[in-house]
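take a look and give me a structure for this.
(chains A and B)
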There are 2 protein chains.
Amino acid sequence: MAAVVRRGFGRVTDALAERLGRACARVSTNLSIRDRHGDDESYHAAMPPDVVAYAACEREVVAVVRLCAEARVPLIPFGTGTSLEGHIQAPYGGVCLDLSEMAAILEVNEEDMDARVQAGVTRGALNAHLRHTGLSFPIDPGADASLGGMAACGASGTAAVRYGTMRENVLGATVVLADGSVMRTGGRARKSSAGYDLTRLLVGSEGTLGVITELQLRLHPLPAAASAAVCTFPTLADGACAVAALVHSGVALARCELLDASSIAAFNAYPKEAPDMQLAPTLFLEFAGVSDVAVAEDARIAHACCADEGGGDFQFATGADERRRLWAARHTLYYASLALRPGSRGIVTDAAVPLSRLAELMAQTAADVTAEAVVGPIFGHAGDGNFHVILPVLPADPPDYVARLRRINDRLIRRTLAAGGTCTGEHGVGAGKRSYMTLQHGDAAVGAMRAIKRALDPLNIMNPGKVMPDADGDGEGQAEKSAARAELNE
Amino acid sequence: MAAVVRRGFGRVTDALAERLGRACARVSTNLSIRDRHGDDESYHAAMPPDVVAYAACEREVVAVVRLCAEARVPLIPFGTGTSLEGHIQAPYGGVCLDLSEMAAILEVNEEDMDARVQAGVTRGALNAHLRHTGLSFPIDPGADASLGGMAACGASGTAAVRYGTMRENVLGATVVLADGSVMRTGGRARKSSAGYDLTRLLVGSEGTLGVITELQLRLHPLPAAASAAVCTFPTLADGACAVAALVHSGVALARCELLDASSIAAFNAYPKEAPDMQLAPTLFLEFAGVSDVAVAEDARIAHACCADEGGGDFQFATGADERRRLWAARHTLYYASLALRPGSRGIVTDAAVPLSRLAELMAQTAADVTAEAVVGPIFGHAGDGNFHVILPVLPADPPDYVARLRRINDRLIRRTLAAGGTCTGEHGVGAGKRSYMTLQHGDAAVGAMRAIKRALDPLNIMNPGKVMPDADGDGEGQAEKSAARAELNE
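As a prediction, this is how the structure comes out:
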């Protein structure tokens, strides 16, 4: 276990733990529970909090925040722990505030196509609840994450090409600020220009500005008709060129995912309901519209775009079950990639670049994976210019192998930033990408982020050590430190 | 002219004016130029700055900001002066920074569908430049505003139902902060989760956090096929119900505007290329898609939605010229409404409500206009739940008439907020809606806005007196004060 560094923060004393226990539903100092709460789904080191507090309502969240403020103890909000960049690490110890029991769906306004939920509701639970309404909440990061966590992280996923990300689908939020005050942002109108957009500031703030307790979410009508198709390409770059053409065509893409042959191999090797696929770079497309006629028009035009770039025939999955199986299999791809090296955890890259650069960046990344002779399936939300390389790491991997994976990630990030892209399209910054924020945004923007953080959380108790490097330089080398700790852990 | 109140701000001395003149392209203290720069297109009182400075490049903006910071003099960015809520008033005097000469289109990346422009470029100039690319920047507030001003104000307009508002279409910005540092936000990727969303914080900040000098904008492909239709309804509420049904249907609406009979009367009376229309509540629709077949599908389904709510036959405008004339006429509706009382200026309401409340809110507003016996056409971007009542005011109007108009606006805002809506869907807050911000957002959110403002502009020199009321209560009664000043002016 990595040693906890306090950096001026208070400790969770027995007295504080007891007060926390009286303030909220329950607390736990059990080591395995703390471990699970300081350990996400990625390769980042587990850094457990001193105590886990479970809140059942806003009042309890307020009480916990006030106690943390009084003792200057870090507070780390927790949803399902499915983040990928060390967001829930507790590098300075403190309290992990588990919101999974705040799981009430408070309102569904079918006519207005919006819903109000507590932060701990998962997207799966919300969509199950919506089943008979003709509506859905389509933002889909793969994991059945909590909606509060998805908002805090700025998540998106396969449906962003059609519906946008959490930024476009959170209408408002209720947030407990660092001083224990309760702030409501946004509202139920579909657009507003009424002052600073605090809602969008909170989306992607990763618990560093406050604890999200409720969300007002935009819902979308389920399409009247839909179809899915897969199409293979001679090279990954050809597939990426087809994606650019598809986006330019104005076709109403509902999903647009590009997978390299290595991803298809992972896909085929992993237990799934869908049949095995041809080992070639493959585009997964979904079309959705007002009628079968409209969907067929989209598919016809999309087919022409793909054929122009060397794509093969479309293999359609038109039935709802067949489509569900296809996308369910696509969603297991992270785990299927890790299964290529059983027992591994993933370094997950998350580049998003302008569409014209996608083919080049994906091809360079594939070449780099080959040159470094590592396992690294490449796939992603190509319609947004966003793709991932999954780099599985085993505890027994020699330092040289891990170093090669890190070099691939680092070179990819630098190429991405040089192309005007972002080092994190949808996974957030957490601890893992802090050290790239100054390179990506420059000193002035990182300085503005720090100024906003100080203004809203002067004691720096809200998930400290995340999002941006500290003014004293801490966090500039976070990736290296985090990795060093990971080695200590192993 | 309203007396300038200084509230601790410095004055623009002759020495400062001379230094400003050396720092930027030119300055003017000419009274008519100052008047024009402190006077927008609404009924709000003109409050001219002490001096107007014209910047030709980022370096000049930096120099002007630094001089203002040194002298603690307010700085008010100016694009085209087409705002509607007193955004460009200089209640504490100071420097108006005119950016209209920063009008270079710096990059158009056709493949990536984005463009980089200086803040003074108007949307018309950008779209003229894009004419042969197959792309457009569709955000369309009616006025040919500067893109910097549109971003600062969080503008949208008729196309928001399809393409979103400025928030969804600004990928990044370059901003000169209050200390003269230059910040670049965002990037060219279509999505990002890399830290606080400073871009969205700036969109809608109305010059209070910094001066936007450049924007990276998302462009959109021109649709391959389009058609427009108008459809009359027995009542305005029936039309609003049809809009809710249309949005639920998933039809790809490109525009969706609802006009009351009084708006049609204004439309018919005003010089235009389009033919006169039947005096009835009327929905203006535009459909756009990948092919004529796709567009016909949308129109067919839309027609069924309208018919269900008592709508008449669709009258189509299919030719590009015919559609252009229709929308050009729609865009003159603000001026056509004012022309119902020649020589007037408008109190422009800007409610946006959840769709289920639109029919009720529009009907109540229409009843209120009738009960107060004033001129007040009602129309708006109904697909977003956003509508305007234009209330023309004449200099000679007796105080009682003006009071009736203000009551209509105030009651509308209170009904809107009670319905979960926003008092300003797309016009921003400026000075005119400051006094409603606490009512709409609550103390905690307004407090957070103030904290962010203090963090980024500790001297409060960036467009002071806008967006939110001051902590000392100044601005809570701003609408009344502004109106009182307007009377002094007359």
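
just the strands from the stretch 251-400 of chain A, written as ranges.
Along the stretch 251-400 of chain A, the stretches classed as strands by DSSP state E, counting those that start in this stretch are A:253-259, A:282-289, A:315-317, A:345-348, A:351-352, A:378-380, A:386-393.

quick one: closest of those strands to chain B.
strand A:351-352 (3.9 Å; CB to the nearest CB). Every residue, glycine included, has its C-beta placed from N, CA and C.

what mean pLDDT does the closest one have?
Averaging pLDDT along strand A:351-352 yields 98.

what does it contact?
A:361, A:365, A:384-388, A:412-413, A:415-416, A:421-426, B:189-192 (CB atoms under 8 Å, 6 or more residues apart in numbering or on different chains).

please redo it, this time with the cut-off set to 7 Å
The contact list for strand A:351-352, computed with CB atoms under 7 Å, 6 or more residues apart in numbering or on different chains, reads A:361, A:384-387, A:412, A:416, A:421-423, A:425, B:189-192.

export the strands of the stretch 251-400 of chain A to JSON lines and tack on distance to B:A151 and mean neighbour count?
Output for those, formatted as JSON lines (distance: least, CB to CB, whole Å; neighbours: other CB atoms under 10 Å in any protein chain shown):
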{"stretch": "strand A:253-259", "distance to B:A151": "27", "mean neighbour count": "25"}
{"stretch": "strand A:282-289", "distance to B:A151": "31", "mean neighbour count": "26"}
{"stretch": "strand A:315-317", "distance to B:A151": "42", "mean neighbour count": "17"}
{"stretch": "strand A:345-348", "distance to B:A151": "33", "mean neighbour count": "22"}
{"stretch": "strand A:351-352", "distance to B:A151": "22", "mean neighbour count": "28"}
{"stretch": "strand A:378-380", "distance to B:A151": "29", "mean neighbour count": "26"}
{"stretch": "strand A:386-393", "distance to B:A151": "24", "mean neighbour count": "26"}
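
mean pLDDT lowest where, among those strands?
Minimum mean pLDDT among the strands of the stretch 251-400 of chain A: strand A:315-317, a mean of 90.

show me what that strand packs onto, helices and strands only.
The helices and strands touching strand A:315-317, judged by 3 or more CB pairs under 7 Å, 6 or more residues apart in numbering or on different chains; DSSP states H and E, are strand A:225-232.

listing partners with orientation, what would you give for the strand it packs on?
strand A:282-289 (antiparallel), strand A:315-317 (antiparallel) (DSSP bridges).

which strands and helices sit next to the next helix or strand after that strand?
The helix or strand immediately downstream of strand A:225-232 is helix A:236-249, counting by DSSP states H and E. For helix A:236-249, the elements it packs on are strand A:253-259, helix A:292-308, helix A:358-371, judged by 3+ CB pairs under 7 Å, 6+ apart.

could you dump the ones you listed to TSV with distance to B:G157?
TSV is the format used below for the helices and strands packed on helix A:236-249 (distance: least, CB to CB, whole Å):
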stretch	distance to B:G157
strand A:253-259	25
helix A:292-308	26
helix A:358-371	31
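
and A:A307, how many neighbours?
14 (other CB atoms under 10 Å in any protein chain shown).

repeat that for A:R162.
Around A:R162 there are 18 residues (other CB under 10 Å).

any residues of the stretch 51-200 of chain A in contact with chain B? List them.
Contacts of the stretch 51-200 of chain A with chain B, taken as CB under 7 Å from any CB of the partner chain, map to A:109, A:111-112, A:114, A:153-154, A:156, A:160, A:165, A:167-168, A:177, A:181-185, A:187-198, A:200.

so where is the stretch 101-250 of chain A shaky, pLDDT-wise?
Counting by pLDDT under 70, the stretch 101-250 of chain A shows no low-confidence range.

helices along that one, start to end?
Using DSSP state H, counting those that start in this stretch, the helices assigned to the stretch 101-250 of chain A run over residues A:123-129, A:147-153, A:160-163, A:166-169, A:198-202, A:236-249.

nearest to B:P398, out of those?
Nearest of these to B:P398, taken as CB to CB: helix A:198-202 at 41.4 Å.

buried ones in the longest helix belonging to chain A?
With DSSP state H setting the assignment, residue counts place helix A:399-418 as the longest helix in chain A. Judged by neighbour count using 16 or more other CB atoms under 10 Å in any protein chain shown, the buried positions of helix A:399-418 are A:Y401, A:V402, A:R404, A:L405, A:R406, A:I408, A:N409, A:L412, A:I413, A:R415, A:T416, A:L417.

got these as JSON lines, with pLDDT and distance to B:P395 columns?
What follows is those, written out as JSON lines (pLDDT from 0 to 100; distance: CB to CB, whole Å):
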{"residue": "A:Y401", "pLDDT": "97", "distance to B:P395": "80"}
{"residue": "A:V402", "pLDDT": "95", "distance to B:P395": "76"}
{"residue": "A:R404", "pLDDT": "97", "distance to B:P395": "76"}
{"residue": "A:L405", "pLDDT": "97", "distance to B:P395": "73"}
{"residue": "A:R406", "pLDDT": "96", "distance to B:P395": "71"}
{"residue": "A:I408", "pLDDT": "97", "distance to B:P395": "70"}
{"residue": "A:N409", "pLDDT": "96", "distance to B:P395": "67"}
{"residue": "A:L412", "pLDDT": "98", "distance to B:P395": "64"}
{"residue": "A:I413", "pLDDT": "98", "distance to B:P395": "61"}
{"residue": "A:R415", "pLDDT": "98", "distance to B:P395": "62"}
{"residue": "A:T416", "pLDDT": "98", "distance to B:P395": "58"}
{"residue": "A:L417", "pLDDT": "97", "distance to B:P395": "57"}
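
tabulate these (JSON lines), appending distance to A:P77.
JSON lines is the format used below for those (distance: CB to CB, whole Å):
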{"residue": "A:Y401", "distance to A:P77": "34"}
{"residue": "A:V402", "distance to A:P77": "30"}
{"residue": "A:R404", "distance to A:P77": "35"}
{"residue": "A:L405", "distance to A:P77": "29"}
{"residue": "A:R406", "distance to A:P77": "28"}
{"residue": "A:I408", "distance to A:P77": "31"}
{"residue": "A:N409", "distance to A:P77": "26"}
{"residue": "A:L412", "distance to A:P77": "29"}
{"residue": "A:I413", "distance to A:P77": "26"}
{"residue": "A:R415", "distance to A:P77": "33"}
{"residue": "A:T416", "distance to A:P77": "28"}
{"residue": "A:L417", "distance to A:P77": "29"}
